[in-house]
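Sequence first, predicted model second:
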Amino acid sequence: MTSSARFDLADQAYAQAIRLGGETVRVLNDQGYSYMLRGNLAGARRKFEKAYSLDPGNPVIANNLELLDGCPSSDNLRLIRLFAKRGSGSSGVGV
Amino acid sequence: MTIRYLALLAPLLLGGCYGLAGHDEVDRYFQRSNTITMTAGDAKQVNAVMHTIHPWPRYVADRRIAYDARAWVPRSHAMAKRNSRWISFPTLAMRPGKWLCGQRRRRTLTSRDWGQVRQPACRYRSAEHQLAGKGRRGVGLSNLATISIRPLSRGTTLMRRIMLVLTCCWLGIVLGGCKQTLRDAAVVVPVEPPGGDPVQEPTAVKYYPSDEPVRMGLEHYNRGAYGLSQRYFKDVVEKAPKDVTAWIGLAASYDKFRSL
């Protein structure tokens, strides 16, 4: 049985990071990916687009946007979560 | 001439003592005094020294011995007449006119005249030979008859005094420098460590951010061990709350962490 991730704690951590360093590309991408994992695709798109506006040529953000635009169905969301579980997603602190 | 060379070479000769003077034993050797203690005004130390038990009789400390020094001259004269072979050189210097052949001088020799007493080397050696040949009885009067006194000129006296003063000045300067140096070298001043007291209170210990926990958190995150990365990042943000990278890593770890 798989329990849900601790998104509430993640939101608090993102908020603290934004307070300290502002809305950087890195934070926005990670937040968007977090929203995407939760199923909040609109919120994820908003974060990805904002990050992409700050750094237009970033391939990781472009990949995330392409993944989000490709198949916005529930199957795609499961696929994203599967990638995230394996650790092969496009998000992360290594942006 | 010897004093002149001594004055010129005094700095070099005493320079050799520069390193030795810093040694404790040598320093102690030079600490000599005719007083009871090495310092003045320390009544407790004087009292301790005075009450120290020693094997010497009480009168050895008596330095006021009343004695007529003039009594030595006729006694020596009488002894010399009696033996007619034995005489000591200091007595000769004290009353040269008595013993110099053909020169009856009334003037008593002073310390200046010591260097002016000339002994021909051949006579001196012959005196030694006689000393060895006659059962070590001493230098005979007949050998001492060759000693002559050369009157000192005014210029020579002045030059010698100048050289003596210069020698004393050199000695004072060099030894003064040695004393200052050895004092400085002997006293080991405890150097306080920079930054004050190294022993700190546990509450005063500050956490200095290190890249190691962050690096470990990133490594575990990239390996997919989000629980471990979460633990590392959480530890970092608790100790360094202003580390943005740690906060982002912690949030991403929360996002991807799944517990069974």
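Right, received. Where do you want to start? Residues are numbered from 1 along each chain as shown, chains lettered A, B, ... in the order given.

mind showing which ranges of chain A have poor pLDDT?
For chain A, residues meeting the criterion pLDDT under 70 lie at A:1-5, A:71-95.

the strands in it, which residues?
Counting by DSSP state E, chain A has no strands at all.

Which parts of it are helices?
Here chain A has its helices, by DSSP state H, at A:7-21, A:25-38, A:41-54, A:59-70, A:74-86.

So which of these is nearest residue B:165?
Residue B:165 sits nearest to helix A:7-21 of all those, at 79.7 Å, using Cβ to Cβ. Every C-beta, even on glycine, is put in place using the N, C-alpha and C of the backbone.

by how many degrees do that closest one and helix A:25-38 diverge?
Here helix A:7-21 runs at an angle of 170 degrees relative to helix A:25-38 (axes from the mean of the first three to the mean of the last three Cα atoms, to 10 degrees).

so what secondary structure elements neighbour the helix or strand where residue B:231 lies?
Residue B:231 belongs to helix B:226-239 when assigned by DSSP states H and E. Under the contact definition 3 or more Cβ pairs under 8 Å, 6 or more residues apart in numbering or on different chains; DSSP states H and E, helix B:226-239 sits against helix B:211-223, helix B:244-256.

ok so, going back, most neighbours per residue, which of the helices of chain A?
For these, the largest average neighbour count (mean count of other Cβ atoms under 10 Å in any protein chain shown) is found in helix A:25-38, namely a mean of 25.

Export only the CA atoms of that one, formatted as CSV.
Provided in CSV are the C-alpha atoms of helix A:25-38 (Å, rounded to 0.1, in the frame of the first residue of the first chain):
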residue,chain,number,x,y,z
VAL,A,25,13.8,29.0,-12.2
ARG,A,26,14.7,26.1,-10.1
VAL,A,27,12.0,26.7,-7.5
LEU,A,28,9.4,27.3,-10.1
ASN,A,29,10.2,24.1,-12.0
ASP,A,30,10.2,22.1,-8.8
GLN,A,31,6.9,23.6,-7.7
GLY,A,32,5.4,22.9,-11.1
TYR,A,33,6.5,19.3,-11.0
SER,A,34,5.1,19.0,-7.5
TYR,A,35,1.8,20.3,-8.7
MET,A,36,1.9,17.9,-11.6
LEU,A,37,2.5,15.0,-9.2
ARG,A,38,-0.6,16.1,-7.2
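
That helix versus helix A:59-70: what angle between them?
Using the same axes, to 10 degrees, helix A:25-38 lies at 30 degrees relative to helix A:59-70.

Which elements pack onto helix A:25-38?
Packed against helix A:25-38 by the contact rule (3+ Cβ pairs under 8 Å, 6+ apart) you find helix A:7-21, helix A:41-54, helix A:59-70, helix A:74-86, helix B:244-256.

where does the stretch 151-260 of chain B dip in pLDDT?
Across the stretch 151-260 of chain B, the ranges flagged by pLDDT under 70 are B:151-154, B:177-210, B:259-260.

That one against chain A: which residues are in contact?
B:218, B:221-224, B:226, B:237, B:241-242, B:244-245, B:247-252, B:254-260 (Cβ under 8 Å from any Cβ of the partner chain).

Could you give the number of residues near the spatially closest residue to residue A:16 that is not a sequence neighbour?
The shortest distance from residue A:16 to any non-neighbouring residue, by Cβ to Cβ, 6 or more residues apart in numbering or on different chains, is to residue B:247 (5.0 Å). Other residues lying near residue B:247 total 27 when counted by other Cβ atoms under 10 Å in any protein chain shown.

For residue B:247, list the residues it contacts.
Shown in contact with residue B:247 (Cβ atoms under 8 Å, 6 or more residues apart in numbering or on different chains): A:13, A:14, A:16, A:17, A:20, B:233, B:237.

hmm, back to that, now a ChimeraX select for only the buried ones of the residues of the stretch 151-260 of chain B next to chain A.
Entered in ChimeraX, the line below selects the buried ones among these, by 16 or more other Cβ atoms under 10 Å in any protein chain shown:
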select /B:218,221,226,237,244,245,247,248,249,250,251,252,254,255,256,257
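
And chain B, what are its domain boundaries?
In the domain annotation for chain B, the residue ranges read B:72-154, B:207-256 (automatic domain parsing).

Including distance to residue B:57, could the helices and strands packed on helix B:226-239 go into CSV?
Formatted as CSV, those follow (distance: least, Cβ to Cβ, whole Å):
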stretch, distance to residue B:57
helix B:211-223, 80
helix B:244-256, 88
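
thinking residue B:39 is in contact with residue B:45, fair?
Yes: using Cβ atoms under 8 Å, residue B:39 is in contact with residue B:45, at 7.3 Å.

who's more crowded, these two?
Comparing residue B:39 with residue B:45 by other Cβ under 10 Å, the one with more neighbours is residue B:45, at 13 against 9.
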